[in-house]
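sequence and predicted structure, then a few things I'm wondering about:
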Amino acid sequence: MKKIPFLFALFLAAVLGRLNAEYKFFTPPGSFAVEVSLENSPYPRLPAYRNAITSLAVVGDWAVGGTSAEKGLSPFLFAVSLSDRRMAYSVDLKELVAGQRAIRSGFGAGATGVLYCGTIPDTAGGDGHLLEVLVEGRALVVHDLGVPVRGQGVFALTADPGREALYGITYPSGQFFARDLKTSTTTLLSDTVPGERDLVFLQNYALEPADYLCRRLIQDRKGRVFGSMPVNRLFRYDPDTGRLSVLEAELPEGWGRRALGRVDAWTMAPDGALYGGCAGDGQLFRLDPDTGRVSNLGKPAQMPGMKGLAFAADGRIYGVAGGAPGYAHLFCYDPAAQNFTDLGNPRFEMKAPGIEQGIWWRGFQIGTLAATPDGRQIVMGEEESLSQLLVFPVGPRR
Amino acid sequence: MFRSLEHGVAPGSSGRTAGSDEDPMIAGLLPLLLTLTAFLVPPAGAEITARNVRFVEYPDFPDAHSSWGSIGFSRTHGKVFVGVTNHRDRVGLYEYDPGPRRMRLCGFIADLANLRDFQWQAKIHSQIVEGPDGAMYFTTDGGESREEYLMEHPRGYAGGFFMRWDPATNRMTNLGMGLPYESLKDLAVDQATGLICAVSYPQVHFLTYDVRRNRLRDLGRLGSDHVPRVLFSDWWNNVYYPDWRQRLVKFEGDTGTMIFAGDSLPAFPGTPGEYIVTGITAYARDPGAGVIYLVTYGAKMLAFRPSQRGIGEVEDLGGIFDSPDKPAWNYYCPNLALGENGKLYYFIGGHGMYAVRGESIVLMEFDPASRRKRIVLEYPLRQISEVTGSDVKDKQGNLYFAGRRSDPVAEERGESGASRPFMIVFNPAREP
């Protein structure tokens, strides 16, 4: 009879051992989570339903985020100190620009640490604004740069500090625009707008503009702007000529899913090659910006979507695949070895006043990913009703 | 402070592992036994012995592996309902009638609810809660690792369902799924409107489902990496759940909004973060006194006095067990019930955390007035290895729990421990 506890302990050890083996999360040494959102908080935090981190960039020590809110609510801009691992500043956008719901354009980097982003209005037919964001002194400073296109929001944005220009995609029409920051004038191009036949095709799949418009733009080393347009196409805009051309090569396609084709995320390699992630099926692809050649590199996870990509100091691309209704897989891709590694679901420790002992935080829905300028840290933003920031270090190139 | 009990069979126990109500021989002798029982009932106030506890087996389910928080009482029908599972793909719904002491299998939910093979369910983790229409409501769960990791794979888990069992007609109604790939760990039912609140696993989303309008709302994520398992409601039909800081989050039934408490629930110094985020493991309501007693995963006993508006007050009643041998937070108690005598009863132990050296389960008595607690019974794991169930009692003062006993033979049937499930009936005043 006395053997029973011993046998049970043995059994328990076996079971727990088995469970431990199955529950391996991505928790590298030095990783941490920052509590950005907490309802009814005595600390600087973002309130519920207004904090989905849909835009993210790192400037110096600051991870700067732009959020999306639920209908009728306004978003925030915020800054997290990576060295202090704490939420430092936030700006409630309604205090600056009323009637805005989301900052989902991503950030374009200007000169001397300035970031640019665009907004989506809360009501259809409203005006989206361009914003200038800067961590200055002990504050997050946000300037309203006005409305680039009347009656339209800003769905995607990138910046060219040399030309002092911003380039974007309007929402819901899907037009490409160039905004001259010196003159505050906008040039509109309709080449990216889906035609009537395309719209019928997209509507057959019950898709909305938020499903098929280009989610992110990128510039190559020559200042040319690349993005996607319906249906499943890539375009290149040359600011020198002011011309937009549609590339011959299409986005990688899962058969039958052309309607879902758009670029979810971009990153540029040290050699100038562009890497993108497909929304429809979650493939990673390489784009030669000069030849327009597209190489399908495959997909790291079964789920669709690839909402974040960034090159890190180790020469690898880190990215996020999948998401709702499942949950995200962090992955890395080694261009030299042409090898994917599924890093799984990140789980990092979160410490903050009141939870000094630390709690584990799992990143289920990751909507944005960025690298620090030196590529030694990857920062990820969640898209939840209460979203947090997840950070992990990356070693030097091996 | 505690009465010391010899490890092994508890005093007064007949040595039988459990009362086998479905045993045909016992069933045949039932009238005689009931007559004898009348003479054997201990007087009120007498010492609690093993005779105050009765074990009831589940018939017609040879590969039954476990039961979870899946127990509830129907005031309308005077019956107890329990979900029992093989923790893989067969989940039985049981009905216990306290009058004739009869446990019967209502059926397996896949058959009762017209589930397809790709909608397999591994268990009912939720409480089984009576709604305003007299039906019993519960949710389903994927249970195993394949639920959490396979997701969209053909072998993956489709998602947990809301279910309604009508004891009057013996009919199950499939009320549909919650979120794709997500289990539904627990639910609460508004006693006026029938609105169901539920929480999903692993993403800790708080959901509401309006049965009348077929409207599902996802109010978003409330937890960290581990899902608190218990929802509970007050007498105004407000529903409570903890966030990752172990702060109470109140869903107001009449406004449909959520309110977050400013402060975390009390915890012992040094309570690890993973115990904080897991929140509340059991509750028992005392509407007359306006109190809901809570047990936390960090082994605190709390008295929560809800208010119709706002959050209400929380009183720290101390630990659920005192011992110099272990940290105060390191006791596991996923069950609680309030006796007619005003005292709380709970079994400590399970999931590798035990109160008594040598790993045995203890039945505790806690007097909220004096905050005194004591061990009243102790069981070896071969008799009881884990007990679940919150606030399940009948009008006779019987307290019901879902029990499991250690059974290495069951190891191959599924994860989360090798056990055989059975029901526990406990009455502190008499033989139940």
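Structure received.

could you use CA atoms for every contact and neighbour count after this?
OK.

for chain A, what's its nearest residue on the stretch 151-300 of chain B.
residue B:273 (4.5 Å; C-alpha to the nearest C-alpha).

count of neighbours near that residue?
Residues lying near residue B:273 (other C-alpha atoms under 10 Å in any protein chain shown) number 21.

wait, is residue A:332 part of a strand?
Yes: under DSSP: H, G, I helix; E, B strand; the rest coil, residue A:332 sits within a strand.

who are the contact partners of the nearest residue to it once chain neighbours are set aside?
Leaving aside its sequence neighbours, residue A:332 sits nearest to residue A:318 (C-alpha to C-alpha, 6 or more residues apart in numbering or on different chains; 4.4 Å). Contacts here follow C-alpha atoms under 8 Å, 6 or more residues apart in numbering or on different chains; on that basis residue A:318 touches A:309-312, A:330-333, A:378.

give me the element residue A:318 is part of.
Residue A:318 belongs to strand A:317-321 when assigned by DSSP states H and E.

ok, residue B:137 next?
Assigned by DSSP H and E, residue B:137 belongs to strand B:136-139.

strand partners (parallel or antiparallel) of that strand?
strand B:129-130 (antiparallel), strand B:161-166 (antiparallel) (DSSP bridges).

what about stretch B:211-225, start to end distance?
Its first and final residues considered, stretch B:211-225 spans 30 Å by C-alpha to C-alpha, to the nearest Å.

tell me the secondary structure at the residue nearest to the spatial centre of chain B.
What sits nearest the mean C-alpha location of chain B, by C-alpha atoms, centre = their mean, is residue B:389, with 2.1 Å. With three-state DSSP as the basis, residue B:389 sits in strand.

so it versus residue A:379, what's the distance?
From residue B:389 to residue A:379 the distance is 42 Å (C-alpha to C-alpha).

so residue A:346 sits against residue A:31, correct?
No: at 9.4 Å, residue A:346 does not count as touching residue A:31 under the criterion of C-alpha atoms under 8 Å.

for chain B, what are the nearby residues on the stretch 251-398 of chain A?
A:302-303, A:325-326, A:347, A:354-355, A:357-362, A:364, A:384-386 (C-alpha under 8 Å from any C-alpha of the partner chain).

now which of those would you call buried?
Burial by neighbour count, 16 or more other C-alpha atoms under 10 Å in any protein chain shown: within those this picks out A:303, A:326, A:347, A:355, A:357-362, A:364, A:384-386.

most neighbours, which of the contacts of residue A:318?
Counting neighbours by other C-alpha under 10 Å, residue A:309 comes out on top of the contacts of residue A:318 with 28 neighbours.

show me what from chain B comes close to chain A.
Residues of chain B lying near chain A by C-alpha under 8 Å from any C-alpha: B:145, B:151-152, B:179-181, B:203, B:219-222, B:224-225, B:245, B:260-262, B:270, B:272-274, B:276-277, B:352, B:358-359, B:381-382, B:406, B:408, B:415-417.

swap the cut-off to 6 Å and go again
B:180, B:220-221, B:224-225, B:273 (C-alpha under 6 Å from any C-alpha of the partner chain).

let's have those residues in TSV, adding distance to residue A:124, pLDDT and secondary structure.
Shown next, in TSV, are the residues of chain B next to chain A (distance: C-alpha to C-alpha, whole Å; pLDDT from 0 to 100; DSSP: H, G, I helix; E, B strand; the rest coil):
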residue	distance to residue A:124	pLDDT	secondary structure
B:180	30	97	coil
B:220	25	97	strand
B:221	28	98	strand
B:224	35	93	coil
B:225	37	89	coil
B:273	44	97	helix
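
most surrounded residue in those residues?
Using other C-alpha under 10 Å as the neighbour test, the residues of chain B next to chain A are led by residue B:224, with 24 neighbours.

quick one: that one and residue A:359 touch, right?
No: using C-alpha atoms under 6 Å, residue B:224 is not in contact with residue A:359; the gap is 7.7 Å.

thinking again about what came up before, could you identify the helix or strand that succeeds the strand holding residue B:137?
helix B:145-149.

CA atoms only: put that next one into CSV for me.
Output of helix B:145-149 as CSV, limited to C-alpha atoms (Å, rounded to 0.1, in the frame of the first residue of the first chain):
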residue,chain,number,x,y,z
SER,B,145,-2.8,18.7,-26.6
ARG,B,146,-4.2,18.1,-30.1
GLU,B,147,-6.8,20.7,-29.2
GLU,B,148,-4.2,23.4,-28.6
TYR,B,149,-1.7,22.7,-31.3
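
residue boundaries of the strands in the stretch 201-350 of chain A?
For the stretch 201-350 of chain A, applying DSSP state E, counting those that start in this stretch gives strands covering A:218-219, A:225-229, A:233-238, A:243-246, A:263-268, A:274-278, A:284-287, A:294-298, A:308-311, A:317-321, A:329-334, A:339-344, A:347-352.

would you map the helices across the chain?
Picked chain A for this. Using DSSP state H, the helices found in chain A span residues A:3-22, A:196-204, A:209-212.

correction: the question concerned chain B.
For chain B, helices defined by DSSP H occupy the ranges B:24-28, B:30-40, B:109-112, B:145-149, B:273-276.

re earlier: doesn't residue B:72 make contact with the residue nearest to the centre of chain B?
No: using C-alpha under 6 Å, residue B:389 is not in contact with residue B:72; the gap is 7.7 Å.

quickly list what the residue of chain A found nearest chain B is bridged to.
In chain A, the residue that lies nearest chain B is residue A:359 (4.5 Å; C-alpha to the nearest C-alpha). Note on residue A:359: beta-bridge partners residue A:350, judged by DSSP bridges.

residue contacts, it?
Contacts for residue A:359 (C-alpha atoms under 6 Å, 6 or more residues apart in numbering or on different chains) come out as A:349-350, B:273.

switch the cut-off to 7 Å
The contact partners of residue A:359, taken as C-alpha atoms under 7 Å, 6 or more residues apart in numbering or on different chains, are A:349-351, B:273-274.

ok, of these, which one's closest to residue B:60?
Using C-alpha to C-alpha, residue B:274 comes nearest to residue B:60 of the contacts of residue A:359, at 38.3 Å.

can you pull out the low-pLDDT segments for the chain?
Just going to use chain A. Within chain A, the ranges that satisfy pLDDT under 70 run A:1-23, A:398.

wrong one, chain B
B:1-45, B:357-358, B:410-417.

please redo it, this time with the cut-off set to 80
B:1-46, B:144, B:351-359, B:408-418 (pLDDT under 80).

quick check, residue A:390 in contact with residue A:34.
Yes: at 6.4 Å, residue A:390 counts as touching residue A:34 under the criterion of C-alpha atoms under 7 Å.

returning to what we had before: out of residue A:346 and residue A:31, which sits in the busier spot?
A count of neighbours by other C-alpha under 10 Å puts residue A:346 above the other of residue A:346 and residue A:31, at 24 against 20.

skipping its backbone neighbours, what lies nearest that one in space?
residue A:26 (4.5 Å).

doesn't residue A:349 make contact with that neighbour?
No: contact criterion C-alpha under 7 Å: residue A:26 and residue A:349 do not qualify, at 11.3 Å.

what sits against residue 371?
Since no chain was named, I'll use chain A. A:58, A:310-312, A:377-379.

my bad, chain B
residue B:317.

about what we covered before: list the buried residues in the strand holding residue B:137.
Here strand B:136-139 shows B:136-139 as buried, counting by 16+ other C-alpha under 10 Å.

what is the nearest of these to chain A?
Distances from chain A to the buried residues of strand B:136-139, taken as C-alpha to the nearest C-alpha, are shortest for residue B:139 (18.8 Å).

ok, what's across the strand from that closest one?
Taking DSSP bridges as the rule, residue B:139 bridges to residue B:162.

do residue A:334 as well
The partner residues for residue A:334, given DSSP bridges, come to residue A:339.

how many neighbours does it have?
Quick note: residue A:334 (other C-alpha under 10 Å) scores 15 neighbours.
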